[in-house]
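Peer 1: Take a look and give me a structure for this.
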Amino acid sequence: MTSKLLILGGTGRIGSSVARDLCTHTPHTVAIAGRNSKLGDRLCQQLGPQAQFLQCDLADRVRLREAIVEADLVIHCAGPFLYRDARVLELCIETQTNYLDVSDSREFTELALSLRSRAEAAGITATINSGIFPGISNSMVRQAAEQCDRPETIQLSYVVAGSGGAGLTVMRTTFLGLLHPFDAWIDRQWQSVLPYSDRQSVHFPHYGDAPVYWFDVPETLTLAESFPSAQAIATKFGSLPDLYNHLTWLMARAIPPTLLKRPVTIEFLSQVSYAMTQVSDRFTGIGVAIRADVTETKGDRQWRSTSTLYCEDTAAAAGAGTGSIAESMLSGELSKPGVWPVEQILSTPLFEAAMHNRNIPVTLEPLARSQRESAAKTDGDL
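Peer 2: Residues are numbered from 1 along each chain as shown. The predicted structure is shown next:
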């Protein structure tokens, strides 16, 4: 039997990637909701008869509820999520409709998790933070952590070439992440960390050694809950070419916070950066590489398990991460009433099968003695 999926923000770069994945890998009807009918109709023509456009504005609560009632699964792709409330999830709870989102904001994640008991009472499965990072990255940590008896440290690192194939929304999210220090789990306590600090060189598949910096992502919050034995969890992000890292660091340090907080500043920086990446994408590509390192101590030795991934198109990988979870939710393989981050609901065998089916190679290096001195080199702040 076929089901009906509703993708909110379906005409955006990530939403359209999710729609493309679902039309490729499932027989289900995909309703692409958005405000721009021209974009929606053009996308539906590309995707074929499975796709249909639905004009819908998140601000119109009545129309939004009507659209949700008609769906078997709602996929929320309308970011930036830092500015979103939980109205879509709340309407899904009210209408007993399963829910999935691509949220990438700690604040939104906390808000969604606060509704866990309500979702459980309504009998709906709500999965949050799907996509590539967060999303696939969460599952890679779980994959590596399951090689350990008691994970002690987790480092999740990612590097994106150029724009990553993503749109302006992702650019806005990146600059919004520079606004405030954030809490990271260090030495078994939450400690304040400056975004884009502590430059570190990490070895990735395809790209080799590349620079990464502290960055606030939802995994920082959910991995601490998912792996309570962990003493420290680091989440680090970087861009290629390295020039973009220097520019981002400069913006985070040189622009006065009062100016950086203004929406007009964020929009200006996003537009300029996006225009720059349209040029650099021709030389760097738009790929993404992820590395998840998990360690534990046995006796007097530290042991490390590592999961790595490279995908040549970041937006396509995000679509695959969300699309594969949607497919499993509709098939009944993922059914767990409540609100859950990806690593708490998606089993490693199911994750590995989904990545194999979508030709996204994830390489797991099983537990081996850690060479601490060669695992990463810290350069310090610029």
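Peer 1: Can you show me the strands along the stretch 101-250 of the chain?
Peer 2: 125-128, 153-161, 182-186, 189-193, 200-204, 208-214, 232-240 (DSSP state E, counting those that start in this stretch).
Peer 1: Ok, which of those strands comes nearest residue 349?
Peer 2: strand 125-128 (17.1 Å; Cβ to Cβ). (C-beta placed from N, C-alpha, C; glycine too.)
Peer 1: Give the residue spans of the stretch 251-382 of the chain that score low on pLDDT.
Peer 2: 371-382 (pLDDT under 70).
Peer 1: Break down it into its helices, ranges please.
Peer 2: Here the stretch 251-382 of the chain has its helices, by DSSP state H, counting those that start in this stretch, at 257-260, 263-284, 314-331, 342-345, 348-357, 372-375.
Peer 1: Export the ones you listed to JSON lines and append columns for mean neighbour count.
Peer 2: Converted to JSON lines, the helices of the stretch 251-382 of the chain look like this (neighbours: other Cβ atoms under 10 Å):
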{"stretch": "helix 257-260", "mean neighbour count": "11"}
{"stretch": "helix 263-284", "mean neighbour count": "15"}
{"stretch": "helix 314-331", "mean neighbour count": "26"}
{"stretch": "helix 342-345", "mean neighbour count": "23"}
{"stretch": "helix 348-357", "mean neighbour count": "16"}
{"stretch": "helix 372-375", "mean neighbour count": "10"}
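Peer 1: which stretch among the ones you listed comes nearest residue 90?
Peer 2: Nearest of the helices of the stretch 251-382 of the chain to residue 90, taken as Cβ to Cβ: helix 314-331 at 18.8 Å.
Peer 1: which strands and helices sit next to the closest one?
Peer 2: Identification of packing neighbours for helix 314-331 by 3 or more Cβ pairs under 8 Å, 6 or more residues apart in numbering; DSSP states H and E yields helix 13-25, strand 73-76, strand 98-101, strand 125-128, helix 348-357.
Peer 1: Which secondary structure elements does the longest one sit against?
Peer 2: Secondary-structure packing of helix 13-25 (3+ Cβ pairs under 8 Å, 6+ apart): strand 4-8, strand 29-34, helix 37-47, helix 168-176, helix 314-331.
Peer 1: Now do residue 341 against residue 142, distance only.
Peer 2: Residue 341 sits 10 Å away from residue 142, taking Cβ to Cβ, to the nearest Å as the criterion.
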